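Participant: Sequence and predicted structure below; questions after.
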Protein chains: 2
Amino acid sequence: MKSDIDALMQERNFDALLVFGAAENNPPMTYLTGGGHVGGATLVKLRGGRTVLVCNPMERDEAARSGLEVHLYDEYPIETPGGDSAQNAALRLRAILQQLGVTGRVGVYGQTDFGPLFAMLTHFQNLMPEVQLVGEAREHSLFLYAMETKDEAEVARIRRMGQITTEVVGLTRAYLTGCAVRDDEVLLNEHGVPLTIGEMKGKIRLWLAERNAEPREGFIFAIGRDAGVPHSTGNPADVLRLGQTIVFDIYPAEAGGGYFYDFTRTWSLGYATPEAERLYNQVLEVYHQVVGQLKVNECFKEYQRLACELFERYGHKTPRTEKTPLEGYVHSLGHGVGLNIHERPASGLSAGDDNLLKPGVVVTIEPGLYYPERGMGFRIEDTYWVRLDGSFERLADYPYDFVLPMERG
Amino acid sequence: MKSDIDALMQERNFDALLVFGAAENNPPMTYLTGGGHVGGATLVKLRGGRTVLVCNPMERDEAARSGLEVHLYDEYPIETPGGDSAQNAALRLRAILQQLGVTGRVGVYGQTDFGPLFAMLTHFQNLMPEVQLVGEAREHSLFLYAMETKDEAEVARIRRMGQITTEVVGLTRAYLTGCAVRDDEVLLNEHGVPLTIGEMKGKIRLWLAERNAEPREGFIFAIGRDAGVPHSTGNPADVLRLGQTIVFDIYPAEAGGGYFYDFTRTWSLGYATPEAERLYNQVLEVYHQVVGQLKVNECFKEYQRLACELFERYGHKTPRTEKTPLEGYVHSLGHGVGLNIHERPASGLSAGDDNLLKPGVVVTIEPGLYYPERGMGFRIEDTYWVRLDGSFERLADYPYDFVLPMERG
């Protein structure tokens, strides 16, 4: 939580944090400013002290909404104009840090255009050697540690995204099962034309937009072989048919770069082949087994081990039996969700032992099976919060039906 | 254009380019790969030679759609596991570059999470000192130079976004002018409730989503004082009223991080105050004067000078009369538009002399006037392409009406 930041700075021996970039779609900046239409800003957080946001004059009103101490770039005149923008920005950054009395180790953060900032900080390091800039590997990132546990206010926002997500999934299901079906098992849209993945995805985008939710990292609506490739988002030209597995993995965020929800269901329209039905039931069984055993403060990867063990008993390859299986259970069990679609804690077998299901974390549980060569894939995913009392709350409810009967018989 | 990249590399004495990050919402990666659901990829472009995309195994199918030579991270085993992800990624990057025979100066690019990449490249520089990593200040960026001129295929996509943009503006106008009006001049929505900026923005988001367009950088729909602050996006709680200036600046992109369009109109519903009418007409006059004088291969900032001169004749402050005016004409005339909402060429008075209106550029022309203390602001903006024959094409047409008569009288 935000209140952990000073302690996390102390652990890292950081005297200050520097966050660069826009206030939207930039998790550390959004976390500290609350978002808003602020472009290329510079945020300085001193250990145990002030947080200062420096922005362009045109964005002063938006920046003020953050409630932080706002300064304008104009207040820091550049000593030797004529250099390039990277040199000038380096001089200005020195002026800002000198005014705030910053020296020592400073962590650098921000979702931004890498090249110009790298150029600027290369100049800056020569100008102000008394400051040591430190980039952190993702798994060590102070912000990912702070963000790992969520308070009630944050979870209220994630829960609301869960409601929106399941509403949109419900609309999708209703639309699909209401379609007419041609003799060759192809679904027809309201104009009597074969329904494509692209058209269905367009409707889903619309339903999300109506609810002020954004598919900021895209979403997966994939059928047949594509459903068997975990990160294939689906071929827009593919036509929807009965009896094929559809993986619908939807992870929208609040518009403007806020909190995500993450959710997956697998469907087969009208009927399923016996093989698909058998594999789906294995995934559902593993899902329920894992969820039934979740305990607060356990290591998340213990449940990945459990999922692997259960899938191996059914004869599938897993990340335990080979390094990167291309079929079977090919990924890890879940991940933290917040302002990032993937954040701490991690569940991979090689994840650090400090990836715990401690009170406050929000995690997905998402076992799956993938057989692209057989034209099928399966995944079931819900998002859970570990409440402060140690109980697990599924943040949105939705049925686990695999075969969706068509309404017109 | 893409065909300029090798020459631009030669000018900079770059032996290779490195692009990091996702294929979507990451302009240099989108430019070279065509987009798609590929996450943390590494692209290496050799001068005069191969372009190689290295990605995670799960994303191999999406990566293959780029048409580039695709490799998987797994092909480059890490020599000393046990380090952190930044150290491991540095070892892997060395293996990739050694295999491709890269040495010398290498430009680094990508819209990505700064800290982890900075950590990785700090390790990498120690591991492979024969490679010199170079970040470029934004105004020198090779990609912004390459992207500056657009071919017919790129402009077809921008033109299509222009059609979508003006359609949505038309729907907004029709909705507003169809509203009932209360005695106190407040607009009422279809439920008889005062219409807010927030509600109107929700409808606009919806109309964009229906057309597969995303307001990726937000959009501005601001009334009264907020209209007078150029980058204020509008207060959601503000109520729409007759006789106040509304600045509607809308700059959506193709869903998934493609090409932008940029467009602004200023409206006053029902009637306008004489002062507002006079100021609007000055902006319109300056707009037409500038557009009427555009000539191929001229320096873009000459038209900023022209706009300043014209506004100064009307008695307004401009960036020529003071450094950062807070009222009057407070910004520059326009900017290039493409995969970035702001790209080359620039029109600011301090922009380099190589910011020319050369064949292929796509630029906005957007003069404006801002008087927040008087509760009003004005801007008119269209996007133009300089055709290969040197003529200027406005990429979407839309009327310049200021006062919009209410339909119910």
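Facilitator: Done, it's in. A quick note: this is a predicted structure, and the numbers were derived from the prediction, not measured.

Participant: Show me what the helix or strand bottoming out on mean pLDDT in chain A is packed up against.
Facilitator: Lowest mean confidence among the helices and strands of chain A (mean pLDDT, DSSP states H and E): helix A:60-64, at a mean of 88. Counting by 3 or more C-beta pairs under 8 Å, 6 or more residues apart in numbering or on different chains; DSSP states H and E, the packing neighbours recorded for helix A:60-64 are strand A:69-72. For every residue, glycine as well, the C-beta is placed using N, CA and C.

Participant: can you map out the strands along the stretch 201-350 of chain A?
Facilitator: A:213-214, A:220-223, A:245-250, A:253-254, A:263-269, A:335-336, A:343-346 (DSSP state E, counting those that start in this stretch).

Participant: if you compare those, which one is most tucked away?
Facilitator: The highest average neighbour count among the strands of the stretch 201-350 of chain A, using mean count of other C-beta atoms under 10 Å in any protein chain shown, belongs to strand A:245-250 at a mean of 26.

Participant: Could you pull up the residues touching the residue nearest to A:Glu130 when sequence neighbours are not counted?
Facilitator: Nearest non-adjacent residue to A:Glu130, counting by C-beta to C-beta, 6 or more residues apart in numbering or on different chains: A:Thr103, 4.6 Å away. Listed by C-beta atoms under 8 Å, 6 or more residues apart in numbering or on different chains, the contact set of A:Thr103 reads A:15, A:130-131.

Participant: and if we set it to 10 Å?
Facilitator: A:15-16, A:97, A:128-132 (C-beta atoms under 10 Å, 6 or more residues apart in numbering or on different chains).

Participant: Tabulate the CA atom coordinates of stretch A:276-283 in CSV.
Facilitator: The C-alpha trace of stretch A:276-283 is given here as CSV (Å, rounded to 0.1, in the frame of the first residue of the first chain):
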residue,chain,number,x,y,z
ALA,A,276,-13.3,-31.2,-25.4
GLU,A,277,-15.8,-32.0,-22.7
ARG,A,278,-13.3,-34.3,-20.9
LEU,A,279,-10.5,-31.7,-21.1
TYR,A,280,-12.7,-28.8,-19.9
ASN,A,281,-13.9,-30.9,-16.9
GLN,A,282,-10.2,-31.5,-16.0
VAL,A,283,-9.5,-27.7,-16.0
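
Participant: contacts for it?
Facilitator: Taking C-beta under 10 Å, 6+ apart as the rule, stretch A:276-283 contacts A:243-245, A:266-268, A:271-273, A:307, A:310-311, A:313-316, A:329, A:366-371, A:374-380, A:400, A:402-403.

Participant: just how off-centre is it within its chain?
Facilitator: The chain centroid and the centroid of stretch A:276-283 are separated by 27 Å, computed with C-alpha atoms, centre = their mean, to the nearest Å.

Participant: rewinding a little: output the least confident helix or strand of chain A as CSV, nothing but the C-alphas.
Facilitator: Listed next in CSV are the C-alpha coordinates belonging to helix A:60-64 (Å, rounded to 0.1, in the frame of the first residue of the first chain):
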residue,chain,number,x,y,z
ARG,A,60,-1.4,23.2,-14.2
ASP,A,61,-5.1,22.8,-13.5
GLU,A,62,-5.1,19.1,-14.1
ALA,A,63,-1.9,18.6,-12.1
ALA,A,64,-3.4,20.5,-9.1
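
Participant: if we can go back for a sec, return a ChimeraX selection command for the buried portion of the contacts of A:Thr103.
Facilitator: Per 16 or more other C-beta atoms under 10 Å in any protein chain shown, the buried members of the contacts of A:Thr103 correspond to this ChimeraX selection:
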select /A:15,16,97,128,131
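
Participant: Quick check, pLDDT for the residue of the stretch 151-300 of chain A found nearest chain B.
Facilitator: Here the stretch 151-300 of chain A gets closest to chain B at one residue, A:Ala209, 3.2 Å apart by C-beta to the nearest C-beta. At A:Ala209, the model reports a pLDDT of 86.

Participant: For the closest residue to it other than its chain neighbours, grab the count of nearby residues.
Facilitator: Once flanking residues are discounted, A:Ala209 sits nearest to B:Ala209: 3.2 Å by C-beta to C-beta, 6+ apart. B:Ala209 has 24 neighbours, counted by other C-beta atoms under 10 Å in any protein chain shown.

Participant: For B:Ala209, which residues are in contact?
Facilitator: Counting by C-beta under 10 Å, 6+ apart, B:Ala209 makes contact with A:202-210, A:214-215, B:215, B:252, B:255.

Participant: Quick check: A:Leu326 vs A:Gly228, distance?
Facilitator: The gap separating A:Leu326 from A:Gly228 is 10 Å, by C-beta to C-beta, to the nearest Å.

Participant: wait, I meant A:Arg344
Facilitator: According to C-beta to C-beta, A:Arg344 and A:Gly228 sit 29 Å apart.

Participant: OK, contacts around the residue nearest the centre of chain A?
Facilitator: The residue lying closest to the centre of chain A (C-alpha atoms, centre = their mean) is A:Ile341, at 0.3 Å. Residues near A:Ile341 by C-beta under 10 Å, 6+ apart: A:27, A:216-217, A:251-253, A:260-262, A:335, A:364.

Participant: ok, and of those residues, which contact chain B?
Facilitator: Restricting the contacts of A:Ile341 to those near chain B by C-beta under 10 Å from any C-beta of the partner chain leaves A:27, A:216-217.

Participant: then stretch A:300-317 to PDB, C-alphas only?
Facilitator: The C-alpha trace of stretch A:300-317 is given here as PDB (Å, rounded to 0.1, in the frame of the first residue of the first chain):
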ATOM      1  CA  PHE A 300       1.600 -18.600  -4.400                       C
ATOM      2  CA  LYS A 301       3.800 -21.000  -6.300                       C
ATOM      3  CA  GLU A 302       2.700 -23.800  -4.000                       C
ATOM      4  CA  TYR A 303      -0.600 -23.700  -5.900                       C
ATOM      5  CA  GLN A 304       1.200 -23.700  -9.200                       C
ATOM      6  CA  ARG A 305       2.900 -26.900  -8.000                       C
ATOM      7  CA  LEU A 306      -0.500 -28.300  -7.000                       C
ATOM      8  CA  ALA A 307      -2.000 -27.400 -10.400                       C
ATOM      9  CA  CYS A 308       0.900 -29.100 -12.200                       C
ATOM     10  CA  GLU A 309       0.600 -32.200 -10.100                       C
ATOM     11  CA  LEU A 310      -3.100 -32.400 -10.800                       C
ATOM     12  CA  PHE A 311      -2.700 -31.900 -14.600                       C
ATOM     13  CA  GLU A 312       0.200 -34.400 -14.700                       C
ATOM     14  CA  ARG A 313      -2.100 -37.000 -13.100                       C
ATOM     15  CA  TYR A 314      -4.300 -36.600 -16.100                       C
ATOM     16  CA  GLY A 315      -1.300 -37.100 -18.400                       C
ATOM     17  CA  HIS A 316      -0.600 -33.600 -19.500                       C
ATOM     18  CA  LYS A 317       2.800 -31.900 -19.900                       C
END
